[in-house]
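Student: Give me coordinates for this.
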Amino acid sequence: MNDKTTIRNEMKSALAGMSPEQAAIAGKQAAEILVLQREFTDARSVMIFLSIPGEIDPRDIARAAWAEGKRVAVPKIRAPGVMDAIEIRSLVDGLAQGVMNISEPVDNIILPADELDLIVAPALAFDRQGNRLGRGGGYYDRFINQHSGALVCGVAFDVQVLDEVPAQPHDEQVNMLVTNTEFLRFNRNNR
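Tutor: Alright, predicted model coming up:
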């Protein structure tokens, strides 16, 4: 098994050539798969992320959630290593460039932990056991750990799914994974 740094570099390289159009199409395909799953239909609130180049685009998941009357939140970095789920009502209005050049909400309407049902999480790579390999900051690991009542769905391009990624005890797993071609459920051994 490769180490985390090697896998991160390989994934960044593989994703660098993907166009925004490819990301949008893959995001639409992943959303179409996810919104049919019971974990999505049963959720009253969904947290997505605002993608950066090289990440699958999850905006159609937010649109589907709003169409079903669900609350939608996105991450906002509050302090180094700490992020909050901030409720949004638009994918255009009320957003600005935040920390690490990622779009964030201008408002600070935190969606309380006990009201967050489904967390849609990015990563550089996932494996078929539910492990995720993020960008190395630990933001999502800490956030998922603090929101243990919510289900976590990784979302990625199919090329980001590996047979195995290295995982340490503090690395949080996902309950499920959706790509532009498949949907997988896992038994998270830490929940």
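Student: CA atoms for contacts and neighbours, from now on please.
Tutor: Fine.
Student: Contacts for the longest helix out of those in the chain next, please.
Tutor: Counting residues, the longest helix found in the chain (DSSP state H) is helix 20-34. Residues from elsewhere that reach helix 20-34 (Cα atoms under 8 Å, 6 or more residues apart in numbering): 40, 53-61, 155, 157, 178-183.
Student: what's the distance between the spatially most central residue of the chain and residue 169?
Tutor: In the chain, the residue lying closest to the centroid (Cα atoms, centre = their mean) is residue 121, at 1.6 Å. Using Cα to Cα, to the nearest Å, residue 121 is found at 18 Å from residue 169.
Student: do the same with residue 76
Tutor: Taken as Cα to Cα, the span from residue 76 to residue 169 is 25 Å.
Student: same check, this time on residue 107
Tutor: Distance from residue 107 to residue 169, by Cα to Cα: 34 Å.
Student: More neighbours: which of those two?
Tutor: Between residue 107 and residue 169, counting by other Cα atoms under 10 Å, residue 107 is the more crowded of the two (13 against 7).
Student: residues in contact with the spatially closest residue to the more buried one that is not a sequence neighbour?
Tutor: Of all residues not flanking residue 107 in the chain, residue 94 sits nearest, at 7.0 Å (Cα to Cα, 6 or more residues apart in numbering). Applying Cα under 8 Å, 6+ apart, we find residue 94 in contact with 88, 105, 106, 107.
Student: Looking at those residues, which two lie furthest apart in space?
Tutor: Maximum pairwise distance among the contacts of residue 94 (Cα to Cα): 9.5 Å, between 88 and 106.
Student: And the two? Which one has more around it.
Tutor: The residue with more neighbours, out of residue 88 and residue 106, is residue 88; 24 against 15, by other Cα under 10 Å.
Student: show me where this protein has helices.
Tutor: Using DSSP H, the helices of the chain run over residues 4-16, 20-34, 38-41, 59-67, 139-146.
Student: Nearest to residue 80, out of those?
Tutor: Using Cα to Cα, the nearest of these to residue 80 is helix 139-146, at 8.6 Å.
Student: Output the contacting helices and strands for that closest one.
Tutor: strand 82-88 (3 or more Cα pairs under 8 Å, 6 or more residues apart in numbering; DSSP states H and E).
Student: mind listing what's buried in the strand it packs on?
Tutor: Buried residues in strand 82-88, defined by neighbour count with 16 or more other Cα atoms under 10 Å: 83, 84, 85, 86, 87, 88.
Student: isn't the third one right up against residue 110?
Tutor: When you say that, I think you mean residue 85. Yes - counting by Cα atoms under 8 Å, residue 110 is a contact partner of residue 85 at 5.6 Å.
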